[in-house]
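In: Dropping the sequence and predicted coords here.
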Amino acid sequence: MAIDAPQAISTAASAAWRQAHLLDVDDLTPPEFETVFRTADAMQEILSREIKRVPTLRGKTLATLFYEPSTRTRVSFELAAKALGADVVNLTASSSSVTKGESLIDTVRTLQALGVDAVAIRHPQAGAPYVAARHLHCAVINAGDGWHAHPTQALLDLYTVRQHRGGIRGLKVVIVGDILHSRVARSDLWGFSALGAHVVLCAPPTLLPRRFGEHEAWGLPPAEVEPRLERAIEDADVVMALRVQTERQHTAYVGNLRDYIRLYQISTARLRLARPNVLLMHPGPTNEGVELTAEVAQGAQSVIQEQAANGVAVRMALLYLLLAGEAAP
Ligand code: CP
């Protein structure tokens, strides 16, 4: 007999989950990662239905509080909350009392006083969601803080690879591009390393944090640094291309974009150096023609659209894990 959605979800989520917030993936245990993935599998079943909605989080409210632009993360949080029957309020810095000088702390305290149960925060300052979490009883989810972390992106990246390869352990994962400014690179490095992948970082020296090779100094897990793309990509199972984040650059980190493209663009010829079943990934938004060609972005090895789609199931899983313990019956 088929089990219904709430039962399938609670069975998947019955393993260890001890987080009150999701601020990064650096303190998740392998069983907690697996709990997210199994719960996301149960959420995929709901999303495959004609009516993609269950009442599991009815009575709960998610606020999205975004101080930076977003398409994928904000929309998928909203779709995820609605699919679980929760209410959603969306705030941006420009449409809230932030424009009148209200601080982040006052804003999140006000949201809590208004009855919000979880806040997904995107903020240009690294650490902002951590500060919010210290002042709130409700769940805080980091939706991207400065250059620091983007844990829900890392979880959906891991989930997408797991769907294709069955697991993460032993895979060679190459992260290519603007690692210096990338919160995705940092969270992916934590996540892929925690689950047993071999991570290779490939970037020009100007787009790597200084002394990045000395990971212990940064408190980051070890990774190989290989600045030559052709060498880095050899036998890769996963190639994760990153956008050159011109909006975060105050000086010319990429002296000449043509040189960057010549040395670091992911092309069909370069992708042939990887394993035949390589997965080409990108957190988005992409700049086709810069960090990767349009041909590979839309090619058979690209799972970029799957990453975006998986964002809904993974964020449903996280909302469930953070909120369902106290959900209305
Ligand atoms: N990957 C990602 O965070 O995309 P958005 O900026 O569109 O949310």
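Out: It's in. Model, not experiment: these values are computed from the prediction. Numbers count the residues shown, from 1 in each chain.

In: Now tell me what touches the strand or helix carrying residue 142 from outside.
Out: If you go by DSSP states H and E, residue 142 is part of strand 139-145. Residues outside strand 139-145 that contact it (Cβ atoms under 8 Å, 6 or more residues apart in numbering) are 20-24, 64, 66, 68, 70, 73-74, 77, 108, 117-130, 132-133, 149-153, 183, 318, 322-323. For the C-beta atoms, the positions are set from N, CA and C on the backbone; glycine is no exception.

In: Just want the most central residue of this protein.
Out: residue 153 (0.7 Å; Cα atoms, centre = their mean).

In: for the strand or helix carrying it, packing partners?
Out: Secondary-structure assignment from DSSP H and E places residue 153 in helix 151-165. Judged by 3 or more Cβ pairs under 8 Å, 6 or more residues apart in numbering; DSSP states H and E, the packing partners of helix 151-165 are helix 30-47, strand 139-145, helix 183-194, strand 279-281, helix 304-323.

In: what is the mean pLDDT for that helix?
Out: Taken as a whole, helix 151-165 has a mean pLDDT of 98.

In: cool, and stretch 175-187?
Out: Across stretch 175-187, pLDDT averages out at 94.

In: Kindly report the same for stretch 209-220.
Out: Rounded mean pLDDT across stretch 209-220 is 60.

In: follow-up on the earlier one: isn't the residue nearest to the centre of the chain right next to residue 184, touching?
Out: Yes: between residue 153 and residue 184 there is a contact under Cβ atoms under 8 Å: 5.1 Å.

In: coming back round to it: give me the contacts around the helix holding residue 153.
Out: Residues outside helix 151-165 that contact it (Cβ under 8 Å, 6+ apart): 22-25, 33, 36-37, 40, 73, 141-144, 168, 171, 173, 183-184, 187-188, 190-192, 195, 237-238, 240, 279, 281, 283, 303, 306-307, 310-311, 313-315, 318.

In: ok, of those, which come out buried?
Out: Among the contacts of helix 151-165, the ones that count as buried by 16 or more other Cβ atoms under 10 Å are 22-25, 33, 36-37, 40, 73, 141-144, 168, 171, 173, 183-184, 187-188, 190-192, 195, 237-238, 240, 279, 281, 283, 303, 306-307, 310-311, 313-315, 318.

In: could you pick out which of the residues you listed are near the ligand?
Out: 73, 144, 283 (Cβ under 6 Å from any ligand atom).

In: Could you identify the helix or strand that succeeds the lowest-mean-pLDDT helix or strand in the chain?
Out: The helix or strand of the chain with the poorest confidence is helix 215-218; it has a mean of 51 (mean pLDDT, DSSP states H and E). Per DSSP H and E, the first helix or strand lying C-terminal to helix 215-218 is strand 224-225.

In: Does the ligand have contacts with the helix holding residue 153?
Out: Yes: Helix 151-165 comes into contact with the ligand (Cβ under 6 Å from any ligand atom), by way of residue 153.

In: what angle sits between that helix and strand 139-145?
Out: Counting by axes from the mean of the first three to the mean of the last three Cα atoms, to 10 degrees, helix 151-165 lies at 80 degrees to strand 139-145.

In: mind starting the numbering at 45 from now?
Out: With the count now opening at 45, the last piece we talked about shows up as helix 195-209.

In: Among the contacts of strand 183-189, which ones are in helices?
Out: Among those, the members falling in helices (DSSP state H) are 117-118, 121, 152, 172-174, 176-177, 195-197, 227, 362, 366-367.

In: which two from those residues end up farthest apart in space?
Out: 227 and 367 (24.0 Å; Cβ to Cβ).

In: So, low pLDDT: which residues of the stretch 45-194 of the chain?
Out: By pLDDT under 70, the low-scoring segments of the stretch 45-194 of the chain are 45-50, 52, 56-59.

In: who in it is up against the ligand?
Out: Neighbours of the ligand within the stretch 45-194 of the chain, by Cβ under 6 Å from any ligand atom: 114-117, 188.

In: Domain map for this structure?
Out: Domain ranges of the chain: 55-190+354-370, 195-342, per automatic domain parsing.

In: Report the buried residues of stretch 178-196.
Out: By neighbour count with 16+ other Cβ under 10 Å, stretch 178-196 contains the buried residues 180, 182-196.

In: Farthest pair within the residues you listed?
Out: The distance between the two most remote of the buried residues of stretch 178-196 (Cβ to Cβ) is 26.0 Å, for 182 and 191.

In: Residue 79 contacts residue 63, correct?
Out: No: contact criterion Cβ under 8 Å: residue 79 and residue 63 do not qualify, at 10.0 Å.

In: Tell me the residues that contact both of those two, please.
Out: By the contact definition Cβ under 8 Å, 6+ apart, residue 79 and residue 63 are jointly contacted by residue 365.

In: These two - which one has more neighbours?
Out: residue 79 (21 against 18; other Cβ atoms under 10 Å).

In: what about residue 140, neighbour count?
Out: Using other Cβ under 10 Å, residue 140 has 17 other residues around it.
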